[in-house]
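**Student:** test case, fold it:
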Amino acid sequence: MSRFFAAAALIAAFAGGPVRAEDNPEVQRLVEALALPDLVEVMREEGLAYGDGLEADLFPDRGGARWDAAVARIYDAGRIEDAMREALRSRLEADEIESLVAFFASPEGARIVALELSARRAMLDPEVDKASRERLEEMQADGDPRLDLVGRFIAANGLIEANVAGALNANYAFYTGLVDGQAFDYALTEDQILDDVRRQEPEIREDTRTWLFSYLAMAYAPLDDATMEAYIRLSETRPGQDLNDALFEGFEAAFQSISHDLGLAAARFIAGQDL
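**Tutor:** Below you'll find the model as predicted:
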């Protein structure tokens, strides 16, 4: 699940919805500049695909329409967006929001947002995902200097560590959902669950690193180096860092809850119960 967690780069991409009563105009402007609702919708589609994979791994050909309905209910876009808005409201100061809106609402920033969203949506297609990884291998073999800029951007935002931590926490929540839903006919201790989750860390880290580089290399291919440098500089500022932290906080809050609910739902199918 590591790819569900992304920092500013991976989340800047949504058309704004109606202003909510609890949002001030400044937060709404940032939501619109980051195109947050569109990104949430792409992430929801990723979640639905992840649900298909869970069925194939845990209870092949036994989920059907009931499982699809359960996954669709759990991956509620409003639930994710609300968590994001709350994190933005609580973590960002007014002057930070102003500088962030100035960047992402500019022609340069808007283009970055559009490219990030377009690439992420494209990678919903397994063939595009595969092609982006193959392209990354070619760039690595050729020593493509663009990878240095992508690597600096990833490092400035702490994308690998934050995504790995988020994925491990989500996997733990999923596992506890399975246990709470009595998916197993034997007892599991918390230490056993933690040990199993920790063993997943090397594979998650490698997949996270590969996915981030392949995704961002594809998304930013049309950008010139000067634009990339400007984006990296923003990421290194206090507003950029605080935005990054807020986005991870919001996504992790949403996806820990979602992962636990997925575990509960999957446990019922594993045990042969009706939802």
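**Student:** what distance do you get for H260 to L34?
**Tutor:** Noted for H260: a distance of 27 Å to L34, by Cβ to Cβ, to the nearest Å. For every residue, glycine as well, the C-beta is placed using N, CA and C.
**Student:** who's more crowded, these two?
**Tutor:** L34 (28 against 21; other Cβ atoms under 10 Å).
**Student:** any idea of the pLDDT on that one?
**Tutor:** If you check L34, the pLDDT there is 97.
**Student:** how about the strands in the protein?
**Tutor:** Read by DSSP state E, the chain holds no strands at all.
**Student:** surely R62 and R268 touch.
**Tutor:** No. Taking contacts as Cβ atoms under 8 Å, R62 lies outside contact range of R268: 10.8 Å.
**Student:** so for the two, which sits in the more crowded spot?
**Tutor:** Counted by other Cβ under 10 Å, R62 and R268 do not tie: R268 has more neighbours, with 18 against 12.
**Student:** from M43, how far off is that one?
**Tutor:** For R268 relative to M43 (Cβ to Cβ), the value is 24 Å.
**Student:** got it, and Q256?
**Tutor:** Counting by Cβ to Cβ, the gap from Q256 to M43 is 14 Å.
**Student:** which stretches of the stretch 151-275 of the chain form helices?
**Tutor:** Ranges of helices within the stretch 151-275 of the chain are 159-180, 190-199, 201-219, 225-236, 238-270, based on DSSP state H, counting those that start in this stretch.
**Student:** determine how far the fourth one lies from the middle of the whole chain.
**Tutor:** By that I understand helix 225-236. 21 Å (Cα atoms, centre = their mean, to the nearest Å).
**Student:** helices or strands next to that helix in the packing?
**Tutor:** With contacts taken as 3 or more Cβ pairs under 8 Å, 6 or more residues apart in numbering; DSSP states H and E, helix 225-236 sits against helix 8-11, helix 107-122, helix 146-157, helix 238-270.
**Student:** compare Q256 and M43 (neighbour count), which wins?
**Tutor:** Set Q256 next to M43 and count neighbours by other Cβ under 10 Å: M43 wins out with 24 against 18.
**Student:** you'd agree the more buried one is up against I80?
**Tutor:** Yes. Contact criterion Cβ under 8 Å: M43 and I80 qualify, at 6.5 Å.
**Student:** now the helices and strands packed on helix 225-236 in a markdown table, with mean pLDDT and distance to T210?
**Tutor:** Below are these laid out as a markdown table (pLDDT from 0 to 100; distance: least, Cβ to Cβ, whole Å):
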| stretch | mean pLDDT | distance to T210 |
| --- | --- | --- |
| helix 8-11 | 36 | 14 |
| helix 107-122 | 97 | 15 |
| helix 146-157 | 98 | 12 |
| helix 238-270 | 95 | 20 |
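**Student:** looking at those, which one is packed in the most?
**Tutor:** helix 8-11 (a mean of 26; mean count of other Cβ atoms under 10 Å).
**Student:** what stretches of the stretch 101-250 of the chain score poorly on pLDDT?
**Tutor:** Scanning the stretch 101-250 of the chain for pLDDT under 70 picks out nothing.
**Student:** any idea how far D148 is from the nearest residue to L147 once chain neighbours are set aside?
**Tutor:** Spatial nearest neighbour of L147, excluding adjacent residues (Cβ to Cβ, 6 or more residues apart in numbering): M139 at 5.6 Å. Shown here: M139 relative to D148, a distance of 11 Å by Cβ to Cβ.
**Student:** same question for S118.
**Tutor:** Distance of S118 to D148, computed by Cβ to Cβ: 23 Å.
**Student:** sounds good, over and out.
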